[in-house]
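Asks: compute the structure for the input listed below.
(2 chains)
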Amino acid sequence: AQSVAQPEDQVNVAEGNPLTVKCTYSVSGNPYLFWYVQYPNRGLQFLLKYITGDNLVKGSYGFEAEFNKSQTSFHLKKPSALVSDSALYFCAVRGYNQGGKLIFGQGTELSVKP
Amino acid sequence: GAVVSQHPSRVICKSGTSVKIECRSLDFQATTMFWYRQFPKQSLMLMATSNEGSKATYEQGVEKDKFLINHASLTLSTLTVTSAHPEDSSFYICSARTGPSSGNTIYFGEGSWLTVV
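Replies: I've put the predicted structure just below:
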């Protein structure tokens, strides 16, 4: 069965500092991995995805994520956090031949303080 | 970029009534759409996969007679919550998948808040 784990419910970062939001996955075969961000009372916005190719994926708003097959991880990173990055972040996985069916992690609330 | 629209964004209905939520892909055709349910500050739970021109595929534990899904065209899927009860109050989010030429990217709607009183 496919699953995604985000081990941290909340991450607190000072503005200007680098941030990391962790994600590990379990899936049969090659994974398709995604990061989405959700602002209060809003839908999900796509940040980036890994399908194949370079392990370092660059996405929207300066975010990037590194796919690590041996550690089954896909951590989200940003070199310099902004207060406006404060939101709920979801990692998701889709197994091969699963269409668009995504399995989401439990979410990590990122708080960036000035 | 691709946009997925949900309507209404907020709805209040009385117990026992039915309410319909629409999900539209505005600038692409989506043969497949997905409906999720989300409780406050929790993850998204996939309810069903909506397939254009065929029956929806429901996840285990989701009552198909209560949550009716219709995907009548390549740009519209609807979720009808029938005989709504207060425990159905939740945030409902849909997503739609672009075609292979657009990378099979999945876009989400803005969500619909349902409150059953």
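Asks: pairing partners for B:Trp35 in the sheet, please.
Replies: Residues in a beta bridge with B:Trp35, per DSSP bridges, are B:Ala48, B:Cys94.
Asks: B:Ile21 too?
Replies: Counting by DSSP bridges, B:Ile21 is bridged to B:Leu79.
Asks: neighbours around residue 27, how many?
Replies: Going with chain A. Residues near A:Val27, counting by other CB atoms under 10 Å in any protein chain shown, number 19. (Glycine included, C-beta is placed from N, CA and C.)
Asks: my question was about chain B, not that one.
Replies: 10.
Asks: ok, so what distance separates it from B:Leu74?
Replies: Separation of B:Asp27 from B:Leu74 (CB to CB, to the nearest Å): 12 Å.
Asks: what's the answer for A:Val37, then?
Replies: From A:Val37 across to B:Leu74, the span is 28 Å (CB to CB).
Asks: and B:Thr31, by the same measure?
Replies: To B:Leu74, B:Thr31 is 6 Å away according to CB to CB.
Asks: B:Ile69 is in contact with B:Trp35, isn't it?
Replies: Yes: in this structure, B:Ile69 is within contact of B:Trp35 by CB atoms under 8 Å, at 6.4 Å.
Asks: common neighbours of those two, please.
Replies: B:Ala48, B:Ser50, B:Ser77, B:Leu79 (CB atoms under 8 Å, 6 or more residues apart in numbering or on different chains).
Asks: looking at this, the second one is in a strand?
Replies: It stands for B:Ser50. Yes: assigned with DSSP: H, G, I helix; E, B strand; the rest coil, B:Ser50 falls within a strand.
Asks: ok so, going back, of B:Ile69 and B:Trp35, who's got more company?
Replies: More crowded of B:Ile69 and B:Trp35, by other CB under 10 Å: B:Trp35, with 27 against 24.
Asks: can I assume that one is in contact with B:Ser77?
Replies: Yes: in this structure, B:Trp35 is within contact of B:Ser77 by CB under 8 Å, at 7.5 Å.
Asks: could you pull out the strands for chain B?
Replies: Under the criterion DSSP state E, chain B contains strands at B:4-7, B:10-13, B:19-25, B:32-38, B:44-51, B:57-58, B:67-73, B:76-81, B:90-97, B:106-108, B:112-116.
Asks: the last one near chain A anywhere?
Replies: Yes: interface with chain A: strand B:112-116 contributes B:Trp113 (CB under 8 Å from any CB of the partner chain).
Asks: and that strand with strand B:76-81, angle?
Replies: Counting by axes from the mean of the first three to the mean of the last three CA atoms, to 10 degrees, strand B:112-116 lies at 20 degrees to strand B:76-81.
Asks: in strand B:112-116, what's buried?
Replies: If you call a residue buried by 16 or more other CB atoms under 10 Å in any protein chain shown, then strand B:112-116 has these buried ones: B:Ser112, B:Leu114, B:Val116.
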